[in-house]
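Starting from these lines, generate the structure:
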Amino acid sequence: MSYNAIKKTFDLGDGRMIEIETGKLAKQADGAVVVRMGDTMLLATVVSTVGAKPGTDFLPLSVDYQEKYASTGRIPGGFLRREARLSDYEVLISRLVDRALRPMFPEDYHADVQVMISLISADKNIMPDCLAGLAASAAIAVSDIPFNGPISEVRVAKIDGKLVINPYLSDLERATIDLLVAGTEHDIVMVEGEGDEISEEEMVEAIEFAHKAIIIQVQAQKELTILVGKTEKRVYSHETHDLDLKEKVFAATYDKVYAIAKSKSSKHERSDKFSEVINDFILELGEGLEDITISLAKKYFHDVQYDAIRNLILDEGIRLDGRDSRTVRPIWSEVGYLPTAHGSSIFTRGETQSLTTVTLGAKSDEQLIDGAFFNGYQKFLLHYNFPAFSTGEARPNRGTGRREIGHGNLAMRSLKKVLPGDDNPYTIRVVSDILESNGSSSMATVCAGTLALMDAGIKIKSPVSGIAMGLISDEKTGKYAILTDILGDEDHLGDMDFKVTGTEKGIVACQMDLKINGLKWEVLTAALKQANEARLHILNEMKKTIAAPREDYKPHAPRIVTLKIDKEFIGAVIGPGGKIIQEMQRETGATIAIEEKDNLGIVQIFADNKEAIDKAVSRIKAIASKPEVGEIYEGKVKTIMPFGAFVEIMPGKDGLLHISEIDWKRYETMDGVLNVGDIVQVKLLEVDKQGKLKLSRKALLPRPPRPEDAKPAAE
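Now for the predicted structure:
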């Protein structure tokens with residue numbers, strides 16, 4: 001069989017090439033492409049059902065990114081030895097692509113859409129996440145699925161002071177900015193990443209630089225669409241409308257909704273009042289209404305809310321809770337609330353509250369990352385939980401969702417930037433439990449996490465705060481309002497959700513999702529400047545609770561002592577089959593971990609009491625210390641020989657105490673002089689070229705007077 005693959009290649013601008021190929025693999029999918037950069041290859045497919053399910057009024061889009069272990073020549077770990085549920089890393093990439101694609105589908109397109117992206121070959125120096133958005137969009141571009149794209153997604157990093165698109169992994173370690181940016185030919189759609197306390201101007205410069213690369217990639221997809229002949233997209237009709245009903249809903253409810261929005265009600269009061277308005281309207285329509293009529297009335301009422309709330313903000317500058325556009329809701333916080341946690345805090349901003357804990361662990365508590373592309377250990381963990389009661393809802397707990405993973409990752413990015421480096425011996429786990437939510441709970445997690453780390457005595461470099469910014473705009477009039485500390489409804493009805501975290505010096509992380517076309521760079525810059533004001537205000541409020549890390553850890557927190565030993569003693573500390581180290585842990589109660597680093601053995605001793613640590617330190621030092629000539633040791637007699645005794649002066653280190661060095665007097669035989677098990681004090685006289693130890697007990701005893709030393713008697 002002959003395959004007529006169609007390819008499109010473009011240059012990243014520095015000689016590195018990206019190739020998009022279609023027509024060879026997965027031909028029964030609506031669209032399928034292979035994107036290749038170096039030896040990294042991604043297969044992306046898209047399938048969409050022809051019609052929408054009855055009653056569906058949203059886009060049922062699913063995006064899954066998965067790494068095939070064969071791509072890196074590895075066999076999966078675990079019992080099953082096969083790819084299973086998506087890892088957190090795969091979920092995060094899936095979310096990045098989803099957030100870029102979702103706004104690009106027509107609002108009235110409600111057919112199921114499934115996008116699948118697989119890493120099928122991996123160059124370990126070329127990260128696949130910056131190619132996943134391009135691959136997904138290209139798969140849609142070569143299909144007949146309606147789409148207002150194409151889009152593309154790139155990584156932009158500042159390395160050695162220079163901005164680079166899709167840098168090599170080996171260079172990324174030196175980056176001071178690391179952003180993933182998605183956009184269309186004309187606009188930015190999504191931004192997520194981190195920086196080393198960068199300025200707002202630096203961030204905007206990096207996003208602009210990324211957009212120039214995105215334009216080239218979008219153009220390549222458009223040319224590919226023409227090559228495969230998919231410029232005509234499928235015809236669909238997924239919505240039923242009743243324009244007369246729409247006019248009635250607007251006429252009967254708009255003024256009421258506007259008044260409620262202006263009434264400064266709480267979240268639940270406002271929701272109840274809105275529900276009462278639409279329910280009264282439906283009752284007025286009479287009995288025997290068809291389900292479609294009720295459904296359409298509720299849909300149009302949502303449009304009324306959208307218009308009324310946005311108009312209130314744009315025309316009168318009044319928000320749902322009565323604030324102006326720049327005011328942060330009231331903040332209160334507390335640390336040390338939980339007596340047995342190693343660190344804890346409560347952070348409340350308006351109707352959003354996080355109870356956060358810090359737990360300090362040993363090296364054995366590090367998380368094993370067993371991915372196809374990334375594998376190793378992680379010693380800083382941040383987990384974010386969003387239970388249903390936080391929004392007054394009742395729904396079953398089905399485990400950690402993608403949203404929780406994404407929000408937790410944003411907070412983790414923020415806090416890891418200020419953690420102490422090699423000075424921190426602990427594995428640190430931060431857990432944020434959201435107890436109330438109306439507005440950004442991920443930003444509350446950042447603030448609560450900072451407070452809890454300081455309460456735990458972790459010497460963070462600087463406190464971090466975060467704020468969620470919003471945007472309401474009118475394309476026709478050109479009016480816009482940048483909103484500080486957005487509410488949940490403002491996020492839902494607004495055009496932008498922009499979360500920014502940072503210290504007093506600058507930005508450390510951000511996440512932005514846009515729902516409009518034509519965001520001007522000056523508006524983005526203004527939003528960042530306004531966010532800076534809010535971040536500094538929140539930091540000042542946090543400092544009223546705790547301004548710096550505690551001088552010491554909590555009394556009940558575990559302690560870690562780190563020892564450095566010569567590389568040659570690692571085996572002796574571990575023992576055959578781990579016998580020695582296991583025995584020490586069992587007898588002292590401490591947890592001991594050892595690894596080789598920079599030609600040294602790094603030993604970590606972890607325990608919740610000083611006595612256990614002291615015992616373990618003493619035993620390890622005894623094993624790993626080198627005997628020093630001239631030092632005095634207390635040793636145990638291990639073996640008796642005709643010519644002397646072998647005495648153990650350190651664990652595993654015996655020396656010869658020759659019969660002539662036992663005492664100043666002469667012994668003809670060892671019988672009865674010393675016994676196995678006797679404890680004797682000896683001095684190390686010499687270590688010969690073979691490493692044998694020569695000991696002396698005689699050298700510690702007073703020398704008896706010799707006859708020749710006696711003075712002659714006086715005459």
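
Do a quick rundown of the strands in the stretch 101-250 of the chain.
Along the stretch 101-250 of the chain, counting by DSSP state E, counting those that start in this stretch, strands occupy 113-121, 152-159, 162-165, 175-183, 188-198.

Out of the ones you listed, which gets nearest to residue 350?
strand 188-198 (24.6 Å; C-beta to C-beta). (Each C-beta comes from the backbone N, C-alpha and C, glycine too.)

Now the closest one: average pLDDT?
Mean per-residue pLDDT for strand 188-198: 95.

helices or strands next to that strand in the packing?
Contact here means 3 or more C-beta pairs under 8 Å, 6 or more residues apart in numbering; DSSP states H and E; on that basis strand 188-198 packs against helix 88-101, strand 175-183, helix 200-228, helix 402-416, strand 507-514.

Output the strands of the stretch 101-250 of the chain as a markdown table; include the columns distance to residue 587 and mean neighbour count.
Shown next, in a markdown table, are the strands of the stretch 101-250 of the chain (distance: least, C-beta to C-beta, whole Å; neighbours: other C-beta atoms under 10 Å):
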| stretch | distance to residue 587 | mean neighbour count |
| --- | --- | --- |
| strand 113-121 | 48 | 22 |
| strand 152-159 | 50 | 25 |
| strand 162-165 | 54 | 17 |
| strand 175-183 | 47 | 23 |
| strand 188-198 | 45 | 22 |
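
how many other residues sit next to residue 380?
16 (other C-beta atoms under 10 Å).

list the contacts for it?
412, 415, 416, 419, 427, 428, 430 (C-beta atoms under 8 Å, 6 or more residues apart in numbering).

how about stretch 41-60 as CSV, C-alpha atoms only?
Output of stretch 41-60 as CSV, limited to C-alpha atoms (Å, rounded to 0.1, in the frame of the first residue of the first chain):
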residue,chain,number,x,y,z
MET,A,41,7.7,13.1,17.8
LEU,A,42,4.1,13.6,18.9
LEU,A,43,1.1,11.9,17.3
ALA,A,44,-2.1,14.0,17.7
THR,A,45,-5.6,12.9,16.7
VAL,A,46,-9.0,14.5,16.8
VAL,A,47,-12.4,13.0,16.4
SER,A,48,-15.8,14.7,16.7
THR,A,49,-19.2,13.2,16.6
VAL,A,50,-21.5,14.3,13.7
GLY,A,51,-24.3,15.5,16.0
ALA,A,52,-24.7,16.8,19.5
LYS,A,53,-26.5,14.8,22.3
PRO,A,54,-30.0,16.1,23.1
GLY,A,55,-30.0,18.9,25.7
THR,A,56,-26.3,19.6,25.4
ASP,A,57,-25.6,23.4,25.6
PHE,A,58,-21.8,23.3,26.1
LEU,A,59,-18.7,21.9,24.3
PRO,A,60,-17.9,18.4,25.5
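
now that stretch: mean pLDDT?
93.

That one: how far from the chain's middle?
Here the centre of stretch 41-60 is set off from its chain's centre by 30 Å, with C-alpha atoms, centre = their mean, to the nearest Å.

again with stretch 594-602
Centre to centre, stretch against its chain (C-alpha atoms, centre = their mean), the figure for stretch 594-602 is 27 Å.

Show residues contacting it.
363, 562-567, 569-570, 573-574, 581, 603-604, 624.

let's see 6 Å
564, 565, 567, 570, 573, 603 (C-beta atoms under 6 Å, 6 or more residues apart in numbering).

again with stretch 163-170
12, 125, 127, 130, 154, 155, 156, 157, 159, 209, 213.

you'd agree residue 497 is in a helix?
No. The assignment for residue 497, made by DSSP: H, G, I helix; E, B strand; the rest coil, is strand rather than a helix.

That one and residue 491 touch, don't they?
Yes. Assessed by C-beta atoms under 6 Å, residue 497 is found in contact with residue 491 at 5.2 Å.

which one of the two has more residues nearby?
residue 497 (20 against 17).

Lovely, talk soon.
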